[in-house]
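J.: No sequence on hand, only this structure:
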């Protein structure tokens, strides 16, 4: 620690600090992943009730899930709601991000905060407000009602991801297209969208995950015939506790991790497209060759 005495850190001090940081990060990750190390083995348990460690190994709870009409109906409903939410949130969120990133008007920061407010306000408050509104519109217990409600929560996620991607796109590319006669719609479709496409797809994946995993709004808007998978899992915990819930949870974890890995790959592609060396648009300017 001699390097700290004169106000400077030596190489050994930085190694100790880096080791401490890695250790702390590893402990935090272990704490976050610890439930997975419990729930996944339980899903393969041969016991008739939730117990850890499992007394034996069996696939009976996965078989029960894939042969249960209630579980499968809830799963397919969640997939349909999440797919519709993904389309709505990606379209609206991308347009909002484009307007906020390229617009120059008063109150832009306030509008940006308003768009992100569903991420700040507790979900229970949003769910109560949506319930009273949708009950008046007779949208409770419907596919459209669930998708619209989930879209409210997914749009801020799309706006954040697409806005971050747009920050790396050189506006001069869009200005050049418009100077050549393209209108704003054609410029977006032929110039901007191809560059930010990986970011938009990544945002769509996150919108799907937000909808598929949402349970609080589903508890308010679902009906006995329109229960999403998270709502069905909640009811299963309250009514009948068996390892089928662990099997469903394991499948949801695997699916979410796969989608997150895909989103990370797309995010890396978006960074390479918009953040290449030499310019904001990913195009490295050529150096003029000296004439002989």
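T.: Thanks, I have the structure now. All figures in this text were calculated on a predicted structure; none of them were measured in a lab. Residues are numbered from 1 along each chain as shown.
J.: where in the stretch 151-292 of the chain is pLDDT low?
T.: For the stretch 151-292 of the chain, residues meeting the criterion pLDDT under 70 lie at 269-292.
J.: and residue 141, what element?
T.: For residue 141, there is no enclosing helix or strand under DSSP states H and E.
J.: Tell me the bridge partners for the residue lying closest to it once chain neighbours are set aside.
T.: Nearest residue to residue 141 in three dimensions, chain neighbours excluded: residue 223, at 3.2 Å (CB to CB, 6 or more residues apart in numbering). Just so you know, the C-beta spots here come from the backbone N, C-alpha and C atoms, and that holds for glycine as well. Here residue 223 sits in beta bridges with residue 226, as judged by DSSP bridges.
J.: Buried ones in the one helix or strand residue 199 maps to, by neighbour count?
T.: Counting by DSSP H and E, the element that carries residue 199 is helix 193-213. Neighbour counts using 16 or more other CB atoms under 10 Å place 195-196, 198-213 of helix 193-213 among the buried residues.
J.: Equivalent analysis for stretch 165-172, please.
T.: So, applying 16+ other CB under 10 Å, buried residues of stretch 165-172: 165-166, 168-169.
J.: correct me, but the residue nearest to residue 141 touches residue 138?
T.: No - if you go by CB atoms under 8 Å, residue 223 and residue 138 don't touch, sitting 11.9 Å apart.
J.: got the contact list for stretch 225-237?
T.: 70-71, 73-75, 77-78, 81, 141-143, 146, 212-215, 218-219, 222, 242, 244-245, 248-249, 252 (CB atoms under 8 Å, 6 or more residues apart in numbering).
J.: Check stretch 148-158 too.
T.: 81-82, 85-86, 88-90, 92-94, 96-97, 115-119, 123, 126-127, 130, 134, 139, 203-204, 206-207, 210-211, 214, 217, 221.
J.: please redo it, this time with the cut-off set to 7 Å
T.: Residues outside stretch 148-158 that contact it (CB atoms under 7 Å, 6 or more residues apart in numbering): 81, 85, 88-90, 92-94, 96, 115-116, 118-119, 126, 130, 203, 206-207, 210-211, 214, 217, 221.
J.: And stretch 238-245, end to end?
T.: Terminal residues of stretch 238-245 lie 11 Å apart, using CA to CA, to the nearest Å.
J.: my read is residue 181 is in a helix, agree?
T.: No - assessed with DSSP: H, G, I helix; E, B strand; the rest coil, residue 181 is coil; it does not lie in a helix.
J.: State the distance from residue 25 to residue 103.
T.: For residue 25, the distance to residue 103 equals 38 Å [CB to CB, to the nearest Å].
J.: Please apply the same query to residue 94.
T.: Separation of residue 94 from residue 103 (CB to CB): 14 Å.
J.: Not counting sequence-adjacent ones, nearest residue to the residue nearest in space to the middle of the chain?
T.: The centroid of the chain falls nearest to residue 206 when counting by CA atoms, centre = their mean (2.5 Å). Leaving aside its chain neighbours, residue 206 sits nearest to residue 157 (5.0 Å; criterion: CB to CB, 6+ apart).
J.: what about the one you found, distance to residue 112?
T.: Distance from residue 157 to residue 112, by CB to CB: 14 Å.
J.: for residue 224, same thing?
T.: For residue 224, the distance to residue 112 - CB to CB - is 40 Å.
J.: Of those two, which one has the most company?
T.: residue 112 (19 against 7; other CB atoms under 10 Å).
J.: what packs against the helix or strand containing the more buried one?
T.: For residue 112, the host element (DSSP H and E) is helix 108-115. With contacts defined as 3 or more CB pairs under 7 Å, 6 or more residues apart in numbering; DSSP states H and E, the packing partners of helix 108-115 are helix 69-102, helix 143-166.
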